[in-house]
Each structure stands twice: as structure tokens, then as C-alpha cells.
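> With the input below, show me the fold.
(one chain, ligands or ions: 2)
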Amino acid sequence: MVQAYADRLTSVSVFLPVMDETDSLTKTVETILADCGGAVCELLVVVCQKTTPASRAVAAALQARYPEQVRIVEQRRPFLGGATQDAFDLATGSHFLMMASDLETPPDRVKEFIAQGRQHPQAIITGSRWLQGGGFEGYSRCKYLLNFVFQKTFALMYWTRLSDMTYGYRLLPTRLVQAIRWEELRHPFLFETLVKPLKLGVAVIEIPVTWKARTEGGSRNTFWRNFEYFRVGFKTLFYSRARILKPSPGEAK
Ligand SMILES: Nc1nc2c(ncn2[C@@H]2O[C@H](COP(=O)(O)OP(=O)(O)OP(=O)(O)O)[C@@H](O)[C@H]2O)c(=O)[nH]1
Ligand SMILES: [Mg+2]
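Ligands and ions are numbered 1, 2, ... in the order given. Now for the predicted structure:
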């Protein structure tokens, strides 16, 4: 039987990693709070040593404007995966929304993730760029092709109908993300957060979303690092439940 990690969606912790975003970050926070402020208990704005002074200033201004919701977190683990794992440890909402602050995860769709999460609190709600109604705007041709082949290969290997397993726009039960033993620190973490729950039998529901290339700042992912995603997909395929989950309290390490 699949364990339920949430009975109800009562509040959402939103993860917003920041490196060089300013206006995009402001727009993201404003949109989320205007559309679904009542459902969001906290916006975890995660910054690191490389976050620009301009971005830090914008984050501080947002915290002054919305002191109840915006929380600035100095990340301890490195890179994007590390920033997400730090936020997992701190989240207090029943659900955790992974997204970005560069507008490549359009914030005006947050309300739909939350509405779906209310209907299916035990499931993961994930954005898909490949479903009808979703898409890519300004994605390089080469990455588009690679992405297509990747999605088809791993859907077959994991025997799933999912069309997009790597888009880092998804809502997950907080107790689920806190129960899993995470390994990746860089961008392939976005894939790990889907395949590990999938191996545990957690239901995953896709909603179509259009990814649009950012106009402010730059990506932190290098092209060649995209091949690292294959390693994550292959090895997790052979993981047991015990290998995926953290030892429960009282269990010997
Ligand atoms: N705090 C923090 N934020 C990060 C880090 N790396 C990336 N980010 C932020 O996380 C979000 C996603 O990172 P991007 O580098 O744009 O990655 P991406 O869009 O998933 O990757 P591509 O499709 O390859 O461009 C952005 O808002 C970044 O500013 C990090 O090490 N620490
Ligand atoms: Mg991006």
C-alpha cells in the first residue's frame, strides 16, 4: 500500500531560489500573494553567496513589505538542489511548491497548482511543457530535441504516462519531501524529486504549463550538465524503498 503523506492541503510553502533576479522576483511574489495569499503560509526566498547585491536588496524590500510571509533563507548546502533541500528542512506548510524566481515557472499558474493540490492532497502536481496546452518559448532547438528523447526514454523505463519529468515546477506534500533521502545538489535534483516519489508509488498529476525563456539574468545550468540527468534516472530505477527513504526515528542508521 502507498503511504499517504498528506490528508489535506492546508497551507503552502513556496520555494523561491534567487541568484540574479530583481524585477522577476518582485513580480513572482506579488502575483502569488495577490492570487493566493490566503493559502500560502510562507515564501522561502533562498539566497547564497553568489546572489547579487541587487537581488538581495529586492528580497529585503519584499520582506519589509510582506513580513508575515516572506522569509529570507541563507542557504547552507550548495547549488540549486542544495537550496531546495535547505528549504525542505524549514518548510512548515502541508505542501511545498518548487518553482523559480526567473518567471520560467509562470507565477500566475500557482493558483492552479494549489486548486489541484486541494483536490488531490496525496499526489504530486507537476507542470508539463509537453502536454497539450503547454509548451516551450525561446528554448534552444538542440535542448528541445534532447528533452523530447529524454522524456520518452524515461517514461518507458519507469513505465509511466508522464510527459515531463524534469520541469522544476511542482507541488509536493511536505512530509513526503522530508521523508526522502536526497542526493543531488545541482540541477538534476529537479528530476530526482520526481523519480524517487514515483518509485514509492506516489501519484503524479500533470498540468500543462508554457515555459518561456527568462528575459532577466542567466541560467546556472550548463549544457553538458544536462547529461547528468541520465545518471540520476538510471540509478534510481534500481533503488529499493529503504534506499529512498530516510531511516525512521528509532531505526539504526
Ligand atoms: N539560491 C540559489 N538559487 C539558485 C541556484 N542556482 C539557480 N538558482 C535559481 O533557481 C532558479 C532556476 O535556475 P536556472 O539556472 O534558471 O535553471 P533552469 O531554468 O532550471 O535551467 P535551464 O533550463 O538549464 O536554464 C533561478 O531562479 C535561479 O536564480 C543556487 O545555487 N542557489
Ligand atoms: Mg531558469
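> For the stretch 1-150 of the chain, just list every one of the strands.
All strands of the stretch 1-150 of the chain, identified by DSSP state E, counting those that start in this stretch, fall at 12-17, 40-47, 70-74, 95-98, 124-128, 135-137.
> Include mean neighbour count and distance to Pro188 when you put those strands into TSV, please.
Glycine gets a C-beta too; all of them are placed from N, C-alpha and C. As requested, those are exported to TSV (neighbours: other CB atoms under 10 Å; distance: least, CB to CB, whole Å):
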stretch	mean neighbour count	distance to Pro188
strand 12-17	26	15
strand 40-47	22	18
strand 70-74	17	22
strand 95-98	27	14
strand 124-128	25	16
strand 135-137	13	19
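> Report the separation between the two terminal residues of stretch 64-79.
End-to-end span of stretch 64-79 (CA to CA, to the nearest Å): 26 Å.
> can you list the residues of the stretch 51-200 of the chain near ligand 1?
Contact residues, the stretch 51-200 of the chain versus ligand 1 (CB under 6 Å from any ligand atom): Gln75, Phe79, Leu80, Ala83, Ala100, Ser101, Asp102, Glu104, Gly168, His187.
> From these, which land in helices?
Counting by DSSP state H, the part of those found in helices is Phe79, Leu80, Ala83.
> Which one of the strands of the stretch 1-150 of the chain lies nearest to Glu192?
When the strands of the stretch 1-150 of the chain are ranked by distance to Glu192, counting by CB to CB, first place goes to strand 95-98 at 11.5 Å.
> Could you list which residues are in contact with the residue most central in space within the chain?
With distances taken as CA atoms, centre = their mean, Met98 lies nearest the centre of the chain, 2.7 Å away. Applying CB atoms under 8 Å, 6 or more residues apart in numbering, we find Met98 in contact with Phe15, Thr84, Gly168, Tyr169, Arg170, Leu171, Leu172, Leu190, Thr193.
> can you list those residues in CSV and add pLDDT?
Converted to CSV, those look like this (pLDDT from 0 to 100):
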residue, pLDDT
Phe15, 99
Thr84, 98
Gly168, 98
Tyr169, 98
Arg170, 98
Leu171, 98
Leu172, 98
Leu190, 98
Thr193, 98
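> Tabulate these (JSON lines), appending distance to Gln132.
As requested, the contacts of Met98 are exported to JSON lines (distance: CB to CB, whole Å):
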{"residue": "Phe15", "distance to Gln132": "28"}
{"residue": "Thr84", "distance to Gln132": "29"}
{"residue": "Gly168", "distance to Gln132": "21"}
{"residue": "Tyr169", "distance to Gln132": "17"}
{"residue": "Arg170", "distance to Gln132": "19"}
{"residue": "Leu171", "distance to Gln132": "21"}
{"residue": "Leu172", "distance to Gln132": "24"}
{"residue": "Leu190", "distance to Gln132": "22"}
{"residue": "Thr193", "distance to Gln132": "24"}
